[in-house]
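In: I would like to see how this sequence folds:
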Amino acid sequence: MKKVLFMLVVFTTIVNASNPTLKLYEKIFSSIFQTSVIDVYVDDETRDIIKDSSIFHIVDYCYDDTVVLVGNFKNEPKYCQKNLLFATNYRSFRHNNNAFGAYYWKKGRPQLIFRESVLDRFNLKLPTSLKKYERGNR
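Out: Predicted coordinates:
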């Protein structure tokens, strides 16, 4: 009986466990784009993170209004690189002129950064709660 109860508790915990990265992405994107559904082109790693999201609609091709959410933009099709990009590593953020932000890990700590010039170019406004992560043309 104890084994069954233990397995039930473990299973319930796993099912109800939430993905903090997904919650962060949902908060960031919903506050910036202020829409209920966002078309997102993703790589395989990011697809696993956001596949259970209620606000992200994963698309197979980049369209004009698609946001690209990937780690390495060099592996993505050239036509996607003109879109608005959100990086999952710092190197991609630094080397892509359309990357408006990035969420990545550095020395075991999460880092969040936004590029002011790209946000302005695409007429996007950060909510007050995210302004502290905004930087100039880094």
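In: would you map the strands across the chain?
Out: In the chain, the strands defined using DSSP state E lie at 38-42, 56-58, 67-70, 84-87, 99-106, 109-115, 134-135.
In: mind putting the ones you listed in a markdown table, distance to residue 26 included?
Out: For glycine as for every other residue, the C-beta is placed from the backbone atoms N, C-alpha and C. Listed next are the strands of the chain as a markdown table, based on distance: least, CB to CB, whole Å:
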| stretch | distance to residue 26 |
| --- | --- |
| strand 38-42 | 9 |
| strand 56-58 | 8 |
| strand 67-70 | 12 |
| strand 84-87 | 12 |
| strand 99-106 | 12 |
| strand 109-115 | 14 |
| strand 134-135 | 19 |
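In: quick one, what contacts the residue most central in space within the chain?
Out: Closest to where the C-alpha atoms of the chain average out (CA atoms, centre = their mean) is residue 25, at 4.4 Å. Listed by CB atoms under 8 Å, 6 or more residues apart in numbering, the contact partners of residue 25 are 49-50, 53, 56, 69, 103.
In: which one of the strands of the chain lies nearest to residue 124?
Out: Residue 124 sits nearest to strand 99-106 of all the strands of the chain, at 6.6 Å, using CB to CB.
In: may I see the buried residues of the closest one?
Out: Going by neighbour count (16 or more other CB atoms under 10 Å), the buried part of strand 99-106 is 99-104.
In: would you turn those residues into a markdown table with distance to residue 43 and pLDDT?
Out: Output for the buried residues of strand 99-106, formatted as a markdown table (distance: CB to CB, whole Å; pLDDT from 0 to 100):
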| residue | distance to residue 43 | pLDDT |
| --- | --- | --- |
| 99 | 14 | 91 |
| 100 | 17 | 93 |
| 101 | 16 | 94 |
| 102 | 14 | 93 |
| 103 | 14 | 93 |
| 104 | 14 | 92 |
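In: picking up where we left off before, okay, the residue nearest to the centre of the chain: pLDDT?
Out: On the pLDDT scale, residue 25 is placed at 90.
In: disregarding flanking residues, what is the spatial nearest neighbour of residue 95?
Out: Distances taken as CB to CB, 6 or more residues apart in numbering place residue 73 nearest to residue 95, at 7.6 Å, with adjacent residues excluded.
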